[in-house]
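Asks: I'd like to go over a predicted model; first the sequence, then the structure.
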Amino acid sequence: MSENQNPNTGQEVTSASATAPDRFEDPGVPAHKQRLTDTNPHATKRNERIIALIFGISCLGAIASVVSYFAVRPDGTTEGTRLSTVLLGVTMAISLLGIGIAAIHWAKSLMSDHEHVDERHDLASSPEVRAVAVQHLADGVEDSGIARRGVLKGAAVSALALFPLTFAVPLISSVGGDWDVSKFRHTIWDRNKRLAYDPSGRLIKAADLTVGSVAHVIPEASQEEMQSHEWITEKAKAVVLLVRLNPEDLRSDQSPEGETWSYDGIVAYSKICTHVGCPVALYEQQTHHLLCPCHQSTFDMADGAKVVFGPANRPLPQLPITVDDEGYLMAQHDFVEPVGPSYWERLK
């Protein structure tokens, strides 16, 4: 029996490799199919009007976003906040989607849809190739017809110009009317303000803390004050982490002027990371290190909360503390430097 015969049928079997060509011919680009807008001027005008209409809807969405921002303000309730957020989100989506849909419809219906093939070449383009690329860009601008389609050009420019207002107005408005960045330099901590547990508000005695213990701390306040929006806002800057160390382990507990800022091994530092403001609350008792969960900045609580690892570039601000006549922990005064991440007006 021949090697090329099927053992079951005895027929000759032709090898696939024997009949396959060495190289497949390039099938090329399929023939171009004309669109209705390529042959019918009325269809072209109709699509121009549709695109201009979509750009117009985008403009209306941007204007509605700005109007809703000022007309429907959060009133402190869940329903009011939800309504304001939904209105802003929907109107911003209409504005941005209008720009995207109009641009796609413009490209699909009015711009050239001929397929082009570019052969692979070296990554380093020659001056001639770069000149051709620039020419292609110029051809694309010419193909879009933006120079002779004034209505579409005006609609596109209007939509693109108005859309940034949907996020620029809320951002600028949220900064405040006075732009007083010095507010970041102060918190509600004050002289003789006692320390309390967060969130219960129960006062803290030095005797309550054992070596190695950690407490999340807020300034003393009445229950009525703690329910107010203003106090909650200020609390965000004033949160503190309290740690009791063995006094012999402390390597730095004094201000630059020599003032003692700790009490019997108890130190208090701002809980707001100096990198981007995340809450720093992961304490390693053996190493006295405090870790930020966001970007792993690490601070040494035994050495002035100095940075020992991570992207933070300055120590956590320390709250100077002492005790009153009843043994309750209290602040000597406010932080001497701004809490949180650095900003453009910081002096240090």
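Replies: Here it is on my side, so go on. Numbers count the residues shown, from 1 in each chain.
Asks: Every contact and neighbour count from this point should use C-alpha atoms.
Replies: Will do.
Asks: can you pull the buried residues of stretch 289-303?
Replies: Neighbour-count burial for stretch 289-303, counted by 16 or more other C-alpha atoms under 10 Å, picks out H289, L290, L291, C292, S297, T298, F299, D300, M301, A302, D303.
Asks: What is the nearest of those residues to E79?
Replies: C292 (33.5 Å; C-alpha to C-alpha).
Asks: residues in contact with the closest one?
Replies: Neighbouring residues of C292 by C-alpha atoms under 8 Å, 6 or more residues apart in numbering: C273, C278, P279, V280, A281, L282, T298.
Asks: Does the last one touch P315 like I think?
Replies: No. The pair T298 and P315 fails to qualify as a contact (C-alpha atoms under 8 Å) at a distance of 9.5 Å.
Asks: which neighbours do these two share?
Replies: Contacts common to T298 and P315, judged by C-alpha under 8 Å, 6+ apart, are V307.
Asks: mind showing which ranges of this structure have poor pLDDT?
Replies: 1-20, 121-122, 174-183, 253-259, 343-348 (pLDDT under 70).
Asks: Quick one: residues contacting the residue nearest the centre of the chain.
Replies: With distances taken as C-alpha atoms, centre = their mean, the residue of the chain nearest its centroid is V276 (11.1 Å). Each residue near V276 by C-alpha under 8 Å, 6+ apart is listed here: G340, P341.
Asks: Quick check: G310 touching L291?
Replies: No. Assessed by C-alpha under 8 Å, G310 is found out of contact with L291, at 9.3 Å.
Asks: Pull up the overlap in contacts between these two.
Replies: The contact sets of G310 and L291 overlap at S297, T298 (C-alpha under 8 Å, 6+ apart).
Asks: ok so, going back, would you verify that the residue nearest to the centre of the chain is located in a helix?
Replies: No. Judged by DSSP: H, G, I helix; E, B strand; the rest coil, V276 forms no part of a helix; its state is coil.
Asks: next structured bit after the helix or strand A161 falls within?
Replies: Assigned by DSSP states H and E, A161 belongs to helix 150-162. As assigned by DSSP H and E, the chain's next helix or strand after helix 150-162 is helix 165-175.
Asks: helices or strands up against the helix or strand following that next one?
Replies: For helix 165-175, the following helix or strand on the C-terminal side (DSSP H and E) is strand 195-197. Applying 3 or more C-alpha pairs under 8 Å, 6 or more residues apart in numbering; DSSP states H and E, we find strand 195-197 packed against strand 214-219, strand 329-331.
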